[in-house]
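Q: pasted the sequence and its predicted model underneath.
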Amino acid sequence: MVAEPGGGVSAEPPKARHIRLTSHSAAAGTPTIQWAAPSAAERGPVIGTTSTRAHRNVIGTHSGSYSVYRALAVAAGALSPAHRADLTNTDPTDVIGPYPQWSRPETIVSLDPWGAMVSEAFAAELAAGYDIRPTIAVTKAHVIVPEIAAAMAAGRLHPDGRVLLENGAALVTKAAIEPVWFLPGVAARFGCTETALRRVLFEETGGMYPELVTRGDLEVFLPPIGGQTLYIFGAPRDLADPNVELTARVHDECNGSDVFGSDICTCRPYLTHAIEECIGGAQRGGVGLVAYSRKEGRALGEVTKFLVYNARKRQDGGDTADQYFARTECVAGVQDMRFQELMPDVLHWLGVRKIHRLVSMSNLKYDAITGSGIEVGERVNIPDELIPADARVEIDAKMAAGYFTPGPVPGLAELKITKGRGLAR
Ligand SMILES: [Zn+2]
């Protein structure tokens, strides 16, 4: 039974029909994708439409994990499966690139560098009836954060009417990016064969995308995962100029701290510190960047994260820094699933060649960025006074495991002493 638009329920789906299998080759004339080709025309459009199956040249569909909500909307009768986006006035507020990195096949493998300029680059294909959707959108915003107001009140930041207004609003350009994976390139990043990657993606998602194993001719996958959001302080074009000071943080989602202010980790304090550093940098004539990745709880998800919190706080001896990684590994099987291997792609999309001030202590992020050929100058740690008391466990454990710190690295004896709050208080 399915709900009807008017709120009623019918016994039949909106249109009873045969299931449309996806194991057939694309129709003759469907544009092909030549990944990393030097121009949009030679690269070809990414077509993930579900309305005209014969036009598809990728596995999966648009909007990442939200593709499931779209399916629900169709199932509920609220959305026509044939709906096509009207892209009038949706063009980016700022043009990004093209940059030389876009045509190096090993440099960008997890997003479509041409994803923001679809209506311009593929106007002919759109006019010919192909349903081509942007995978990147670029817009403008005012960002108002209490910690920035506090920095202004404390005299650390001053409004300039350009980057920061009197009312505490920071002026930003922001970009949303959906994942677009070039499977041979992703496999190479992780040191496995493309065949192995396809098979494991198919099997470990419960067989969600049969084309991973049946359609070797399709090399591009739109995975059902979260994407990235960029906040740019200053002129976006300056990101590609190594002579302009770039302050940057690459931040992984932590809903509990980022949004709700939960004090067991340093995520929000580090994020707002980075925003303050980015504003200050942009006011000095530089440019600032916060790249925010939807990788909640080390990409383990919040349920696993909260299970780990309980395991940490209930273990014998309490929540001590020496057991921090062990407890995660007990529940999740690994310490971390964020795998920073794909993270630098977004920096290369922006044309970044040098980060003068990297607002991060993570050795994994630093190694991924420098390993991808981007120079890093100074590394900016979170100031001690911004670390919540209960988050001392996390930060001490991470510093002992290799996180950058300008101070002494805690030893095993100290890690046993660093202890977090219990569950009772
Ligand atoms: Zn956190």
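A: Alright, I've got the coordinates.
Q: and the stretch 151-300 of the chain, which residues reach the ion?
A: Proximity of the stretch 151-300 of the chain to the ion, by CB under 5 Å from the ion, involves residues 254, 257, 265, 267. (C-beta placed from N, C-alpha, C; glycine too.)
Q: I'd say the second one and residue 268 touch.
A: Right, the one you point to is residue 257. Yes - using CB atoms under 8 Å, residue 257 is in contact with residue 268, at 4.4 Å.
Q: which stretches of the stretch 101-250 of the chain form helices?
A: Applying DSSP state H, counting those that start in this stretch to the stretch 101-250 of the chain gives helices spanning 118-121, 123-127, 146-153, 183-189, 194-204, 211-214.
Q: residue 295: which of these is closest?
A: helix 183-189 (15.5 Å; CB to CB).
Q: show the contacting residues for the residue of the stretch 101-250 of the chain found nearest the ion.
A: Nearest residue of the stretch 101-250 of the chain to the ion, counting by CB to the ion: residue 249, 13.8 Å away. Neighbouring residues of residue 249 by CB atoms under 8 Å, 6 or more residues apart in numbering: 270, 271, 274, 277, 278, 289, 290, 291, 358, 359, 360.
Q: closest to residue 219 among those residues?
A: Nearest to residue 219 out of the contacts of residue 249 is residue 291 (CB to CB; 25.5 Å).
Q: what does the helix or strand that contains residue 291 contact?
A: Residue 291 is part of strand 287-293 when elements are defined by DSSP states H and E. Strand 287-293 has contacts (CB under 8 Å, 6+ apart) with 226-236, 238-239, 244-253, 271, 274-275, 277-279, 281-282, 338, 343, 346-347, 350, 352.
Q: quick one: it to chain centroid distance?
A: Put simply, strand 287-293 sits 11 Å off its chain's centre (CA atoms, centre = their mean, to the nearest Å).
Q: just the buried subset of the contacts of strand 287-293, please.
A: Among these, the ones that count as buried by 16 or more other CB atoms under 10 Å are 226-234, 236, 238-239, 244-253, 271, 274-275, 277-279, 281-282, 338, 343, 346-347, 350, 352.
Q: returning to that earlier point: now the helices of the stretch 101-250 of the chain in CSV, please, with extra columns for mean neighbour count.
A: Output for these, formatted as CSV (neighbours: other CB atoms under 10 Å):
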stretch, mean neighbour count
helix 118-121, 18
helix 123-127, 13
helix 146-153, 15
helix 183-189, 19
helix 194-204, 15
helix 211-214, 18
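Q: picking up where we left off before, what about the buried ones among the contacts of strand 287-293, which are in strands?
A: Using DSSP state E, 228-233, 246-252 are the members of the buried ones among the contacts of strand 287-293 that sit in strands.
Q: how far is stretch 104-121 from where the chain is centred?
A: The answer for stretch 104-121 is 15 Å, by CA atoms, centre = their mean.
Q: now do that stretch: distance from first to last residue.
A: Using CA to CA, to the nearest Å, one end of stretch 104-121 lies 19 Å from the other.
Q: then stretch 211-228?
A: End-to-end distance for stretch 211-228, by CA to CA: 25 Å.
Q: average pLDDT for it?
A: Averaged over stretch 211-228, pLDDT sits at 96.
Q: off-centre distance for it?
A: Using CA atoms, centre = their mean, the mean C-alpha position of stretch 211-228 is found 17 Å from that of the whole chain.
Q: buried sites along whichever strand or helix holds residue 309?
A: Assigned by DSSP H and E, residue 309 belongs to helix 302-314. Within helix 302-314, the residues that qualify as buried are 304, 305, 307, 308, 309, 311, 312, 313, counting by 16+ other CB under 10 Å.
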